[in-house]
Every structure is written in structure tokens, then in C-alpha cells.
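J.: Return a 3D structure for these sequence lines:
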Amino acid sequence: MKSALPVRGLFVASLLALAAGAAMAQWKPTKPITLIVPWAPGGSTDQVTRVTAAELEKHLGQKIVIMNQPGASGSVGTKNAMEAPKDGYTWTAGGAKDLGTYKVLGMLDTSARDWNLYLNVAHIAVVGVNADTPYKTMKELLDAMKAKPGQISVATAGVNSSGHSAIEAIARAAGVTYKHVTYDGGAPAAVAAASGEVQVTTQLAAEQTDMIRAKKIRPLAVVGDKSIEIEGFGTIPPLSATIAGFKDPINYFGIFVPKGAPAEVAQTLDKIWATEMVKNEALKKYAQSRGAMFAPMAGEDAQKAVFPAIQSYAWTQQAAGKAKVSPDTVGIPKP
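T.: This is a model prediction of the structure:
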């Protein structure tokens, strides 16, 4: 991906520091690890998690079994991971923004700080329209949304998904409303737009890439202030070119291990992230082919990196009257 989004090289040094601790215990799992993907197969979380798991297996010497458990905007599978024994053998995955805002939306009593975060990429939302719609530019789509309030259908993976976060940010910035149509994952939402079941999707570039290349979806804008390049298609302009000053915090994805698991689990994964994942070629190739940003991080750097997106989405939902719990009461101050 050609993008002005900075790859945070400064995190590498601090990740290496995580691995440098003396007398670090080495975890050697003795049975397969269950990795719950709380979204449907084929979506951005499913894609990058499978790539990451295959690479981790080489270093852990043990099988990682992917289990897709979609439902309730990712909260079903995440809850199952939360409630599993804290023995290090059950993980989950997804966007860290989701993990950090479940409590605000009244879905789950958890926060990002309850988990050890192992980030792999940053995924970027794109406004894509069915290729048979008349909308050729972002301005044309916004004009139509203003002319027909609440009538333009937008597919997302549900409340708290990356796609929902994106369309909510657009709605607030542009003063428009839309018809929200939800699916059990980003891939089904993108397929709905490609098939004409809905007119628009604001799901992630990774979930739309194949349909963009096949000319089933026409991408209008990156939901942010930087353009991206999709291999086999070309450049997608930023939304800031249409809505002056528009920005959207980076949405990091990764694998999440509940705190409370044996210390050697986190120590071992910290070391793998610091010494191996930061240079992993399979993840780099995935990011380049899917309009994502290669961004392995762990530890406190990961927590700091994900917080702006958590904060932004939590307060967007509060402003829209959709939050069940005020963000400032659960450690998320107003920006």
C-alpha cells in the first residue's frame, strides 16, 4: 500500500526492549490453541488472523485452531474468549477499537486494558458503492444522501464494527443520515454492496479489494485524510478531499490474549512480536495486497496506539445518543 500513513518504526525499539528482559520464561504449549474470530469467515479480521496464526505456529510449535463465532457485532465470540479458562489456550482477535468500546455500548464488561494486545496491521475503511449506482464521486454520494435523508442504504458489520464507525463519522461530518443494514461480518457486507442488495458499504479496504478489482464495487474515498493504493486498481482519494479537515484515527487489528493467563504466555508472545513479527514477510505481503498498513506492536505501545480510535468512536456514539455508558465513567476522557 502506498500511503502517507506512517509505519511506526519507533515502536520496534520498544518492542525489542520487551524481549530483552532477563530470565524470561519460555512458553511451550502442549496442546492446540483456540483462536476465536468473532466475525464471519472472509472478513478483514478472519483474513489477517489466519495469516498471523500460520506464522505463529512456526514459532510456538503448536497448532492454532481458528473458530469463527460471529454475532452481536463481535461480542459473542469475544465473550466466549473472556469466559474461557485463563490458561493461555483461548485467544480472540479483531479491531482493538471494538474491544475498547464494548463497555460504552453496553455489550460487554471489558476494556482494552483487560487484554494483552498483539497488533498485526491497521485496516482502513473505504466508501464503496455498487458499480451500477450513479455515484462516481464522494460529492455525488453525499449530495444524494442530503437530498434523500435516511434512504441511501449502507452495509456494515453492525454496531461497533469498523464500517459502522466510518459511516457514523461521515454522517456527523457531512450532516447526512442513512439507512443502516447490518451483517455478521465485513465480507458479507461488502458482498451485499457488490450484488446490489445495498447501495453503499463503508467496510474495510481488505474486505472490498477483490470486488473493487472485479469492478463490482466502485471505491469513492478512503475514510481518512490519506489516499491508499490498491494493487490491481490504483489510487483511492481521501475523504478529506471532499470534506475539508476530515480525519479518522487509525484502526489497529490484532490478536488478544486475556490478562490472567500464565505470565510466560505473554512473555513468549512479547518476544515473538519483538523479534519475529516486526519483520514478517507474510504479513507485509498481506498488508500490501489488501490496502492495509503493516503495524506489528505489543505491550504498552500497542495500548497507546489503539486508544485514539477507541476514544473517537466512544464519544461519537455518545454524541449520537447511542452509548449506554458515558465514556468518561469508564476511563475514556473526552478528546
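
J.: could you pull out the helices for the protein?
T.: 10-19, 44-60, 75-83, 96-101, 138-147, 162-174, 186-195, 205-213, 263-275, 281-289, 299-319 (DSSP state H).

J.: pLDDT (mean, whole number) over the longest one?
T.: So the one you mean is helix 299-319. Average pLDDT, helix 299-319: 94.

J.: what's the angle from that helix to helix 162-174?
T.: Interaxial angle of helix 299-319 relative to helix 162-174 (axes from the mean of the first three to the mean of the last three CA atoms, to 10 degrees): 50 degrees.

J.: Please save the CA atoms from helix 299-319 in CSV.
T.: This file holds the C-alpha atoms of helix 299-319, laid out as CSV (Å, rounded to 0.1, in the frame of the first residue of the first chain):
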residue,chain,number,x,y,z
GLY,A,299,2.8,-4.1,25.2
GLU,A,300,2.2,-0.6,26.3
ASP,A,301,3.0,0.8,22.8
ALA,A,302,0.0,-1.2,21.4
GLN,A,303,-2.2,0.1,24.2
LYS,A,304,-1.2,3.7,23.4
ALA,A,305,-1.6,3.2,19.7
VAL,A,306,-5.2,1.9,19.8
PHE,A,307,-6.5,4.5,22.3
PRO,A,308,-7.2,7.4,19.9
ALA,A,309,-9.6,5.2,17.8
ILE,A,310,-11.3,3.9,21.0
GLN,A,311,-11.7,7.4,22.3
SER,A,312,-13.0,8.9,19.0
TYR,A,313,-15.6,6.1,18.4
ALA,A,314,-16.8,6.1,22.1
TRP,A,315,-17.5,9.8,22.0
THR,A,316,-19.1,9.7,18.5
GLN,A,317,-21.5,7.2,19.9
GLN,A,318,-22.1,9.3,23.0
ALA,A,319,-22.9,12.4,20.8
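
J.: Tell me the buried residues in that helix?
T.: Of all the residues in helix 299-319, those buried under the rule 16 or more other CB atoms under 10 Å are 299, 301-303, 305-318. C-beta here means a position set from N, CA and C on the backbone, and glycine is covered the same way.

J.: cool, and the fifth one?
T.: Neighbour-count burial for helix 138-147, with 16+ other CB under 10 Å as criterion, is recorded at Met138, Leu141, Leu142, Ala144, Met145.

J.: Give the other helices and strands that it contacts.
T.: strand 126-130, helix 162-174, strand 217-222 (3 or more CB pairs under 8 Å, 6 or more residues apart in numbering; DSSP states H and E).

J.: Residues touching that helix, excluding its own?
T.: The contact list for helix 138-147 (CB atoms under 8 Å, 6 or more residues apart in numbering) reads 127, 129, 134-135, 152, 174-178, 200, 220-221, 237, 239, 241-243.

J.: Mind doing that once more with 7 Å?
T.: If you take CB atoms under 7 Å, 6 or more residues apart in numbering as the criterion, helix 138-147 is touched by Val127, Val129, Tyr135, Ile152, Ala174, Val176, Tyr178, Leu220, Ala221, Leu239, Thr242.

J.: same question, the longest one
T.: Judged by CB under 7 Å, 6+ apart, the contacts made with helix 299-319 from elsewhere in the structure are 11, 14-15, 18, 96-97, 100-101, 104-105, 112-113, 117, 119, 165, 168-169, 172, 249-252, 270, 297, 323, 326-327, 332, 334-335.

J.: Report the separation between the residue nearest to Gln69 when sequence neighbours are not counted and Ala53.
T.: Spatial nearest neighbour of Gln69, chain neighbours left out: Gly77 (3.5 Å); criterion: CB to CB, 6 or more residues apart in numbering. Separation of Gly77 from Ala53 (CB to CB, to the nearest Å): 15 Å.

J.: just Lys285 next, same as before
T.: 16 Å.

J.: Those two: which is more packed in?
T.: Counted by other CB atoms under 10 Å, Lys285 and Ala53 do not tie: Ala53 has more neighbours, with 20 against 12.
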